[in-house]
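what's the 3D shape of this:
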Amino acid sequence: MRRTIQNGIDRLSDILPTISGARIGLITNPTGIDKNFRSTIDLLHDQGLLKCLFSPEHGVRGDLQAGAEVSFYTDSKTNLPVYSLYGSSPHISAELLQSLDVVAFDIQDVGARFYTYLYTLSYAMQDCAKAGKDVLLFDRINPIGAVKPEGTVLDPAFSSFVGRFPLATRYNLTIGEYAHYINDTQHIGCRLTVINAEGWERSCFYDETDLPWIAPSPNLPSIDSCLCYIGTCLAEGTNLSEGRGTTRPFEIIGAPWLDADRVSAQINEQKLPGVKLRPCYFTPMFSKHANALCHGIQFHITDRHTFRPFETALRTYDLIRKTHTEFSFLPPLKENGKPFIDLLLGTDAFRDENFDPDGFLKEQAKRLAEYEASITPYYQYGKLLKDNLD
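Below is the predicted model of the structure:
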């Protein structure tokens, strides 16, 4: 039986008396809907509260691919101005904030540190703190559960728009919990109100609930793609395709030169929990290796609760690098910048020729334990059961 959940926006009536008459600017995208498929835009606009919209990556209406520039425009449905928070500047101008009382946020996150919506929110919180404006966040459940953090804890030396703060790769919070956490630990100090979700337990995946799933971005169509994304997103820093331009983005990786049979067999021999790798073929319609036949690997999740997506992907990429001379890391996006793989990982350790995955994962486990202790006080949905921690 599916668990009955209310996301923050489903509890809008609880906050309406408090925000009556407020001038609100809303940061949102197509995931900002209630259980009856009514958009947060329409819900606030119908109350006469909405004065403008702010667009994150992919656009308010979700019509832009990853990295595409977002420009100012007028929303055709509401006739409201839409200001970009992705591209030339992530900030809301002080002048614009003077015309607002509240900046609201309603976007479905995917539980990954490198998802840019986290940092769109953080800049808005900082801007509101400086201007003395309120931030209202409609919380949403973490779609891949929040039982145990995974991956790396970002080294601040590698801070960027795909990892601004020292979070874990699988950061183990809802976006509302994250907002409370950074508001304190990063000393933002904004006036923050979070409307919590109801009915969620930390081990619960999104498709185990009665909530409608709307893809948070064009290349994360399913819960399994979001779960794989914790690890397979690292391909974005390499010349491997991460499956963009296919029907299985982030569930498959590949390249025309990849010996997929060999890599799949060797990783499967390691008996990593909750996953099997299968050789496959695909031809991306766009992005890396567009229109070229790729020898690929599909990550088949056999047990979500034991699957370790970061470790699985890391070991797979390490093996590919050590067995394929064609493999390479992509150069920095900006002159004198850091390689994108370093920004995604929050460390440059993986590019070391003597990289040892066992030692690396052991070292990160220590950092994850410290990180987990720091975030636990911010849990809004109950402490974890001991069984979930083993």
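
measure stretch 89-97 end to end?
15 Å (C-alpha to C-alpha, to the nearest Å).

Flag every buried residue along it.
By 16 or more other C-beta atoms under 10 Å, the buried positions in stretch 89-97 come out as 90, 92, 96-97. (Glycine included, C-beta is placed from N, CA and C.)

now do stretch 262-280
The neighbour-count check on stretch 262-280 (16+ other C-beta under 10 Å) flags 263-264, 267, 272, 274-275, 277, 279-280 as buried.

Give the burial count for Tyr317, as a bare number.
23 (other C-beta atoms under 10 Å).

still on that earlier bit, out of the buried residues of stretch 262-280, list just those in strands.
Counting by DSSP state E, the buried residues of stretch 262-280 place 275, 277, 279-280 in strands.

where exactly do the strands run in the stretch 1-150 of the chain?
24-28, 50-55, 73-74, 81-84, 102-106, 134-138, 150-153 (DSSP state E, counting those that start in this stretch).

Which of those strands has the lowest mean pLDDT?
Per-stretch mean pLDDT for the strands of the stretch 1-150 of the chain is lowest at strand 73-74 (a mean of 86).

What's opposite the nearest residue to Tyr83 once chain neighbours are set aside in the beta bridge?
Among residues not flanking Tyr83 along the chain, Phe54 sits closest, at 5.3 Å (C-beta to C-beta, 6 or more residues apart in numbering). Taking DSSP bridges as the rule, Phe54 bridges to Ile27, Tyr83.

related to what we said a few turns ago, would you turn the strands of the stretch 1-150 of the chain into JSON lines with distance to Gly382?
As requested, the strands of the stretch 1-150 of the chain are exported to JSON lines (distance: least, C-beta to C-beta, whole Å):
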{"stretch": "strand 24-28", "distance to Gly382": "27"}
{"stretch": "strand 50-55", "distance to Gly382": "32"}
{"stretch": "strand 73-74", "distance to Gly382": "42"}
{"stretch": "strand 81-84", "distance to Gly382": "37"}
{"stretch": "strand 102-106", "distance to Gly382": "23"}
{"stretch": "strand 134-138", "distance to Gly382": "19"}
{"stretch": "strand 150-153", "distance to Gly382": "20"}
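
Dump those to CSV, plus mean neighbour count and distance to Phe286.
Output for the strands of the stretch 1-150 of the chain, formatted as CSV (neighbours: other C-beta atoms under 10 Å; distance: least, C-beta to C-beta, whole Å):
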stretch, mean neighbour count, distance to Phe286
strand 24-28, 25, 26
strand 50-55, 22, 22
strand 73-74, 12, 24
strand 81-84, 18, 23
strand 102-106, 26, 29
strand 134-138, 24, 33
strand 150-153, 26, 28
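
any idea which of the buried residues of stretch 262-280 is closest to Thr323?
Val263 (7.2 Å; C-beta to C-beta).

list the contacts for that closest one?
277, 297, 316, 319-320, 323 (C-beta atoms under 8 Å, 6 or more residues apart in numbering).

Ok, Cys294 next?
Contacts of Cys294 (C-beta under 8 Å, 6+ apart): 241, 254-256, 258, 281-284.

and if you look at Pro357?
With C-beta under 8 Å, 6+ apart, Pro357 has these contacts: 314-315, 318.

In space, what's closest to Gln364 - neighbours in sequence excluded?
Going by C-beta to C-beta, 6+ apart, Gln364 has Thr152 as its nearest residue, at 5.2 Å.

What separation do you get for that neighbour and Asn268?
24 Å (C-beta to C-beta, to the nearest Å).

Equivalent analysis for Ala129, please.
Distance from Ala129 to Asn268, by C-beta to C-beta: 50 Å.

coming back round to it: which of the buried residues of stretch 89-97 lies closest to Ala104?
Closest to Ala104 out of those is Ile92 (12.2 Å), distances taken as C-beta to C-beta.

Is it correct that the closest one is in contact with Met125?
No - the pair Ile92 / Met125 is not scored as a contact, 10.2 Å apart, by C-beta atoms under 8 Å.

Got the confidence number for Leu389?
Confidence score, pLDDT, at Leu389: 34.

where do the helices sit along the stretch 151-300 of the chain?
For the stretch 151-300 of the chain, applying DSSP state H, counting those that start in this stretch gives helices covering 175-185, 223-232, 260-269.

In JSON lines, list those helices along with mean pLDDT and distance to Arg202.
Below are the helices of the stretch 151-300 of the chain laid out as JSON lines (pLDDT from 0 to 100; distance: least, C-beta to C-beta, whole Å):
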{"stretch": "helix 175-185", "mean pLDDT": "98", "distance to Arg202": "10"}
{"stretch": "helix 223-232", "mean pLDDT": "98", "distance to Arg202": "15"}
{"stretch": "helix 260-269", "mean pLDDT": "98", "distance to Arg202": "29"}
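
follow-up on the earlier one: okay if I get the buried residues of stretch 262-280 as a markdown table plus distance to Leu16?
As requested, these are exported to a markdown table (distance: C-beta to C-beta, whole Å):
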| residue | distance to Leu16 |
| --- | --- |
| Val263 | 55 |
| Ser264 | 54 |
| Ile267 | 52 |
| Leu272 | 49 |
| Gly274 | 43 |
| Val275 | 45 |
| Leu277 | 50 |
| Pro279 | 54 |
| Cys280 | 50 |
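
If you drop the residues flanking it in sequence, what lies closest to Ile195?
In space, and not counting its chain neighbours, Ile195 is closest to Gly8: 3.8 Å by C-beta to C-beta, 6+ apart.

Give me the neighbour count for the one you found.
26.

Same check on the one 10 residues further on?
Per other C-beta under 10 Å, the neighbour tally for Thr18 reads 11.

sorry, back to before: to Asp42, which of the strands of the stretch 1-150 of the chain lies closest?
strand 50-55 (9.0 Å).
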